[in-house]
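**Q** 3D model of this:
(one chain, ligands or ions: 1)
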Amino acid sequence: MTLRFTKGHGTRNDFVLVADTRGDLDLTAEQVRHLADRRSGIGADGVIRLAPTAAVARSGEQVADAVLAEEPEAIWFMDYRNGDGSIAEMCGNGVRVFAAFAESLGLVDLSDGRELALGTRGGVKRVRKEPDGWYAVDMGPWRLTGGQEAADAGADAVVLATGWDAPRPALSLDLGNPHTVVAVPRLDELAAVDLTRAPEVEPVPPAGTNVEVVVPLGEEEGPDGRPVGRLRMRVHERGVGETQSCGTGACAAALAVRTWAAHGVDDPHGVPSTWFVEVPGGEVRVRVLHGGHVELAGPAELVFSGDVDLA
Ligand SMILES: N[C@@H](CCC[C@H](N)C(=O)O)C(=O)O
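**A** Below you'll find the model as predicted:
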C-alpha cells in the first residue's frame, strides 16, 4: 500500500503527516514505527494523521465525541503517535504543524485572523496565525499534578538523570500529557545532562512522563515594557527519546519556572506571564492566559512531500 505523506517540523521537532480526509486509514503501531524510522523509513519524532473528527468518533474514540460536543466546528482531528508507535494525548509543536498542513491542503483558511478549532485526545485546541507567520495555539487548561501542595513545596517528585550524583527535586504538570520539570543552575550543566536514556522519576508516573531539564535565565523587558521571562531547556520525550523541541514541554517548563518564581517573591503578580523558551531546535513563546489556559506560539514548517510504501 502506498501512502502520500508530508514531512514537517516545529523548531525541529519533526513529524510525518498523513491526510486521511475520509477517515478510513487504520495506522498500526508497527506502521508508525516504520514511518518514523530514520534509517529504514522517512524519519521523525512522531506521526500525525489528519482525519475527520466524526470518523475518529465512529472508530470508538470517545474523546472525539466530546470534542464535537464542545465545538461542532472542530471537524478535523489530530491523531498523534510517538515514534515508538505509542499514542499520546497531545503534541504542542504538532498542533502548529497540523495547522500548516491543513492550510496547505486547502482545508482551512487562517488568513485575516481566522481561527482553526481542531480535535485532539487532549481536547479542543484553537490555532491562529500571527502577522510574523508564527502559529499561536490556545493549549487549554493546565494543572500542577500535585496541586497547591506541590506549588507550595516547589516539588512533588525527584528526577535522577544518568551521571547525576543524587536525585533532584522536580515538579509534575499535566498539559493534557504528563511532564516532570527539573532545574539545574547553569547552562554548562544543562549541556552535560545525559538524555540518551530516560531519566528516572520517583514516584514512577503511572503512564510515564516527558522530562524537561531547565535553566531559568531571568527576565528582560518585553515590547510593551512588561517583564518577559526566559529559560533554556532540553527534553526527553516519552515514546521518543531526546528531541530538539517539545511544545507541551516548553509550556510545562515555563509554568514550573513561573511557579518557583512566584513562591520566592513578595508580589507574585509581578512574575512574568510571557516566557521565551530556548530549545535545541530554536525558540518558542509561552503565555499564561486568563481562565487557567496557556498559549504556545512558534514556527511551523512543511519541508517535503512524497509517497511511501507501507507494505
Ligand atoms: N513533542 C510533543 C509531545 C509529544 C508527545 C509526548 N512524547 C508524550 O508522549 O506525551 C510536543 O511538542 O508537545
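**Q** who in the stretch 51-200 of the chain is up against the ligand?
**A** Proximity of the stretch 51-200 of the chain to the ligand (C-beta under 6 Å from any ligand atom) is limited to residues 82, 88, 91-94, 177. Placement of C-beta: from N, CA and C, glycine included.
**Q** May I ask which of those residues has the most neighbours?
**A** With neighbours taken as other C-beta atoms under 10 Å, the top of those is N93, carrying 34 neighbours.
**Q** Using CSV, lay out the residues of the stretch 51-200 of the chain next to the ligand together with pLDDT.
**A** Formatted as CSV, these follow (pLDDT from 0 to 100):
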residue, pLDDT
N82, 98
A88, 98
C91, 98
G92, 98
N93, 98
G94, 98
N177, 98
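**Q** farthest-separated two in these?
**A** Farthest apart among these by C-beta to C-beta are N82 and G92. That separation is 13.8 Å.
**Q** out of the residues of the stretch 51-200 of the chain next to the ligand, which are inside strands?
**A** N82 (DSSP state E).
**Q** near the ligand, which residues of the stretch 201-311 of the chain show up?
**A** Contacts of the stretch 201-311 of the chain with the ligand, taken as C-beta under 6 Å from any ligand atom, map to 210, 237-240, 243, 246-249.
**Q** Which pair of those spans the longest distance?
**A** Spatially, the most separated pair among these is G239 and G247, at 15.0 Å (C-beta to C-beta).
**Q** coming back round to it: name the member of the residues of the stretch 201-311 of the chain next to the ligand with the most neighbours.
**A** Ranking these using other C-beta under 10 Å puts C246 first, with 36 neighbours.
**Q** burial of the residue lying closest to it once chain neighbours are set aside, as a residue count?
**A** Leaving aside its sequence neighbours, C246 sits nearest to V235 (C-beta to C-beta, 6 or more residues apart in numbering; 4.4 Å). The number of residues packed around V235, counting by other C-beta under 10 Å, is 28.
**Q** Tell me the bridge partners for V235.
**A** Using DSSP bridges, the bridge partners assigned to V235 are E212, T243.
**Q** need the contact list for it.
**A** Contacts for V235 (C-beta atoms under 8 Å, 6 or more residues apart in numbering) come out as 195, 210-213, 242-243, 245-246, 249, 279.
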